[in-house]
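# Predicted model and sequence follow; I will ask about them next.
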Amino acid sequence: SQLAEENPWALSVHEGESVTVNCSYKTSITALQWYRQKSGEGPAQLILIRSNEREKRNGRLRATLDTSSQSSSLSITATRCEDTAVYFCATDANNNNAPRFGAGTKLTVKP
Amino acid sequence: DPKIIQKPKYLVAVTGSEKILICEQYLGHNAMYWYRQSAKKPLEFMFSYSYQKLMDNQTASSRFQPQSSKKNHLDLQITALKPDDSATYFCASSQDGTSYEQYFGPGTRLTVL
């Protein structure tokens, strides 16, 4: 079974709008990662947030982590068409660093 | 220049045959991984290697065998191929087995007929 799950399953916004993807996870973690996968490419890590951190930023991206509710969010401001991709959260498992992925949120940014 | 090379990009095989998926990384990393992604399942962790030694194996079938001939190589041999093996296989690497910063290759898309 999956250790992490994103919601919603899909999102559609217009360029310039902000969007948030949520993630819930099932076990205690050392770190949570957000990845983006564009069509035909491998996943690319966007933000790594460790269990002792509550917020992390990377340009237009902001990730939060709430270990008490075992949840995380990824917000993207001023979206662009090139942000169209599937966004995954991933957690470590049993102190193994290899990330375990959720099913992803498909984000479409329209002109 | 691509830092993680996977070959071939596309692969078509017949049921029962054997194929080897190639992965080379030029990031100077010491840990490498294989993942599988299909329409039916999300990105699924298969193997992790650190300093050419197997660290974790989450693949139930012995038909999948990683092969590490060099520190920066981790190939994946798949025997007795089945249609259910059809998926895109991604190789990834990280500085070492404790790093949480993984870098993924472009994938090999395998279709088994």
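Okay, I see it. Since this is a predicted model, take the numbers as computed values, not measurements.

# Would you enumerate the residues in contact with residue 10?
Just so you know, I chose chain A. Neighbouring residues of A:Ala10 by CB atoms under 8 Å, 6 or more residues apart in numbering or on different chains: A:Thr105, A:Lys106, A:Leu107, A:Thr108. For the C-beta atoms, the positions are set from N, CA and C on the backbone; glycine is no exception.

# hmm, I had chain B in mind actually
Per CB under 8 Å, 6+ apart, neighbours of B:Tyr10: B:Thr108, B:Arg109, B:Thr111.

# what about the last one, neighbour count?
Residues lying near B:Thr111 (other CB atoms under 10 Å in any protein chain shown) number 14.

# Chain A: which of the contacts of B:Tyr10 is nearest?
B:Arg109 (9.1 Å; CB to the nearest CB).

# can you list the weak-confidence ranges in the chain?
With no chain named, the answer covers chain A. Chain A contains residues with pLDDT under 70 at A:1-2, A:93-96.

# That was the other one, I meant chain B.
In chain B (pLDDT under 70), the answer is B:1.

# Which ones among the contacts of A:Ala10 map onto strands?
Applying DSSP state E to these, the entries found in strands are A:Thr105, A:Lys106, A:Leu107, A:Thr108.

# any chance you could map the strands in the chain?
I went with chain A, as the question did not name one. Counting by DSSP E, the strands of chain A are A:4-7, A:10-14, A:19-25, A:31-37, A:44-50, A:55-58, A:61-66, A:71-76, A:85-93, A:96-101, A:105-110.

# if you could check chain B rather than the one you did, that'd help
Using DSSP E, strands in chain B cover B:4-7, B:10-13, B:19-25, B:31-37, B:44-50, B:53-57, B:64-67, B:75-78, B:87-94, B:103-104, B:108-112.

# Parallel or antiparallel, list what pairs with the shortest one.
Read it as strand B:103-104. strand B:87-94 (antiparallel) (DSSP bridges).

# what's next to the strand it pairs with, contact-wise?
The contact list for strand B:87-94, computed with CB under 8 Å, 6+ apart, reads A:42-43, A:97, B:4, B:6, B:21, B:23, B:25, B:27, B:29, B:31-38, B:43, B:74, B:76, B:100-105, B:107-110.

# Over to stretch A:34-50?
A:23, A:30-33, A:55-58, A:61, A:63-65, A:72, A:74, A:83-90, A:99, A:101, A:104, B:4, B:43, B:90, B:92, B:100-107.

# out of those residues, which are buried?
Listed as buried from the contacts of stretch A:34-50 are A:23, A:31-33, A:56, A:61, A:63-65, A:72, A:74, A:83-90, A:99, A:101, A:104, B:4, B:43, B:90, B:92, B:100, B:102-107; burial here means 16 or more other CB atoms under 10 Å in any protein chain shown.

# Number of residues surrounding A:Glu17?
13.

# go on, B:Tyr26?
By the measure other CB under 10 Å, the count of residues near B:Tyr26 is 12.

# where's it relative to B:Thr108, distance?
According to CB to CB, to the nearest Å, B:Tyr26 stands 17 Å off from B:Thr108.
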